[in-house]
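Student: Pasting a predicted model and its sequence here:
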Amino acid sequence: MGIETSCDETGVALYEPGKGLLAEVLHSQVDLHAVYGGVVPEIASRDHVRRLLPLVRQVLSEAGIARPDAIAYTAGPGLVGALMVGSGLANGLALGWGCPVIAVHHMEGHLLASMLEEDPPAFPFLALLVSGGHSMLVQV
């Protein structure tokens, strides 16, 4: 299971090697922040608290499984409060379910997500990463 709470979107997905993506759900906070002209970190964090566990339940239900074999979560960079929500839930669920928990660097997650595709890029390759305030060219 992957959990993403680095900024203003709450994402949960289940992936199984050999089968691919089993279920995914993404909640956007765009409308919530629009009135302020940008993301308000405290509002983002509180919305993650409200949304995350129901989204986890939804993804598990859609995939038809009781619990995952491991949980990965976005560890940073991102909004500190928002990241803490994802980390807290991921670590709590992993402790309760007795499964490993894996902290994932936000930009590495974007970079390596392409490896989950049917036709992943071959090494070496050049990648353009653009995510919020973090943009870079990476030789992989």
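Tutor: Now that the structure is in, tell me what you want to look at. Residues are numbered from 1 along each chain as shown.

Student: What segments of the protein are strands?
Tutor: For the chain, the strands defined by DSSP state E occupy 2-4, 9-16, 20-28, 71-76, 101-105, 126-131, 134-139.

Student: Pull the residues that contact stretch 62-79.
Tutor: Here stretch 62-79 makes contact (CB atoms under 8 Å, 6 or more residues apart in numbering) with 1-7, 14, 22-23, 25, 39, 41, 44-45, 60, 83, 86-87, 89-90, 93-94, 97, 99-107, 109, 132, 134. Using the backbone N, CA and C atoms, a C-beta is placed for each residue, glycine as well.

Student: Any buried residues in that stretch, and which?
Tutor: Neighbour-count burial for stretch 62-79 flags Ala63, Pro68, Ile71, Ala72, Tyr73, Thr74, Ala75, Pro77, Gly78, Leu79 (criterion: 16 or more other CB atoms under 10 Å).

Student: same question, stretch 88-107
Tutor: Leu89, Ala90, Leu93, Ala94, Trp97, Val101, Val104, His106, Met107.

Student: In helices, which of those residues fall?
Tutor: Leu89, Ala90, Leu93, Ala94, Trp97, His106, Met107 (DSSP state H).

Student: Could you save the residues you listed as JSON lines and add columns showing distance to Phe123 and pLDDT?
Tutor: Formatted as JSON lines, those follow (distance: CB to CB, whole Å; pLDDT from 0 to 100):
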{"residue": "Leu89", "distance to Phe123": "34", "pLDDT": "98"}
{"residue": "Ala90", "distance to Phe123": "29", "pLDDT": "98"}
{"residue": "Leu93", "distance to Phe123": "33", "pLDDT": "98"}
{"residue": "Ala94", "distance to Phe123": "31", "pLDDT": "98"}
{"residue": "Trp97", "distance to Phe123": "34", "pLDDT": "98"}
{"residue": "His106", "distance to Phe123": "21", "pLDDT": "92"}
{"residue": "Met107", "distance to Phe123": "18", "pLDDT": "92"}
